[in-house]
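In: okay, here's the prediction I keep looking at, along with the sequence it came from:
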Amino acid sequence: MNGRLSELTGAEFPLFAFSHCRDVVAAVSKAGGFGVFGAAGVTPAELETELAWIDAHVGGKPYGVDLLIPENLIVRTQRGMTRGDLAASIPEMHRTFVRDLLARHGVDADRPLPDYNRDDPSRPPPYQFETGEALMDVAFRHPIALIANALGVPPASMLERARAHKVACAALVGAREHAIRQVEAGVDIVVAQGTEAGGHCGEVSTMVLIPEVLRAIEGMRPVPVLAAGGIMTGRQMAGCMAMGAAGVWTGSVWLATSEAETSPVFREKMVAARSRDTIRSRGRTGKPARQLKSAWTDAWEAADSPGPLTMPLQGIISEPAMQRVNRAAEGGNAEARALVSYFVGQGVGLVDSIPSARQVVASFMEEFAEALEDMRAFTV
């Protein structure tokens, strides 16, 4: 294992697991990997609850937190504004489009979501600097070993606070020039994420991006690079590390575990899907994000679509709708199943079962060791 990476994070095996599910995060770290809790969209109070739970269940093993504080966000809010204030600016034609789309699939767009807190209009607006600062207040009160930021260079306060707390700071990139900017800004770890990845991603493949990033930052200063994008097996992990990566950052593989936050219907669709069944679409968040193709993504790409809104407005209109879709599908509405989707990468084509997170870590370790033995055979 890369000594610098181990020194920075305390990771035993350089398998970093990004998940919005606290159960997955704790299980991965306890099994010898490194769990990273994805905190996008949560409030500071919710983050406190999640991290306190992880602290109590991770067995003292290291883990991290991933925040989403975009460097470039078109819609900015004033201090004191709420999610409801932002929602008020959503055009009526977009509301009508979503309402009609759901109705065509037998889903009531006005059905109350009393236990879905993220639709509460009094919540702080997502992805704003002020919200990010409050989330960092919470995160740095816990024994995290890593804090990461997606969609641009981390705020200066994140870098400063990470150094003060002796916590490694990582950032995700999708192009060589982004990696250079991150290293110049002072990040400790670069996560080079290829277009195969689920969620927000660029256009360059992992196979090309990893050596490109390594070459671009060589000689600047020692910064470990984690490979990301489509990595679902230990042999892929070994291949990335053979290219020079210090480890791997994974996400989609954990969506198909028994502990994941994904719905049973979506897990069934993952098992049935092939690698070509994903699409980069702005229809979920307002920025290009890879997700499973569905009637939802088809509708936003169609000629009669009003076009996705910018971030975070698109998420404000799409997330409650998708919650209604999931509940309808779980309730037996066959038409609603066509709309069910979630962020997932092209590696979905390698999903053929729903194991536990611990089993996935063990499989990575076994396959990684097998790949090393196979490569050693070429040096004899």
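Out: Okay, I see it. Bear in mind that the values here come from a model prediction, so they are computed numbers and not experimental data.

In: mind checking the pLDDT average for the longest helix along the chain?
Out: Longest helix in the chain, counting residues (DSSP state H): helix 357-377. In this model, helix 357-377 has a mean pLDDT of 95.

In: going along the chain, name the helices of the stretch 1-150 of the chain.
Out: 3-9, 22-30, 44-57, 83-87, 92-104, 129-139 (DSSP state H, counting those that start in this stretch).

In: ok, back up a step: how far does the longest helix of the chain sit from its chain's centre?
Out: 24 Å (C-alpha atoms, centre = their mean, to the nearest Å).

In: residues contacting it, please?
Out: Contact partners of helix 357-377, identified using C-beta atoms under 8 Å, 6 or more residues apart in numbering, comprise 13, 15, 17, 23-24, 27-28, 30-33, 233-235, 237-239, 242, 253-254, 257-259, 355. Bear in mind the C-beta positions are built from the backbone N, C-alpha and C, glycine included.

In: inside strands: which ones of the residues you listed?
Out: 15, 17 (DSSP state E).

In: can you select the buried ones among the contacts of helix 357-377 for me in PyMOL?
Out: Entered in PyMOL, the line below selects the buried ones among the contacts of helix 357-377, by 16 or more other C-beta atoms under 10 Å:
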select buried, resi 13+15+17+23+24+27+28+30+31+32+33+233+234+235+237+238+239+253+254+257+259+355
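
In: now do the buried residues in the helix-or-strand element of the chain with minimal mean pLDDT.
Out: Within the chain, no helix or strand scores below helix 83-87, which has a mean of 84 by mean pLDDT, DSSP states H and E. Buried residues in helix 83-87, counted by 16+ other C-beta under 10 Å: 83, 86-87.

In: show me the shaky parts of this protein.
Out: Applying pLDDT under 70 to the chain picks out residues 1-2, 71-80, 126-129, 380.

In: before we move on, back to that, and the least confident helix or strand of the chain, what does it pack against?
Out: helix 313-330 (3 or more C-beta pairs under 8 Å, 6 or more residues apart in numbering; DSSP states H and E).

In: for the helix it packs on, the distance to its chain's centre please.
Out: 18 Å.

In: could you list every helix and strand in contact with it?
Out: By 3+ C-beta pairs under 8 Å, 6+ apart, helix 313-330 packs against helix 83-87, helix 92-104, helix 264-272, helix 295-301, helix 334-337.
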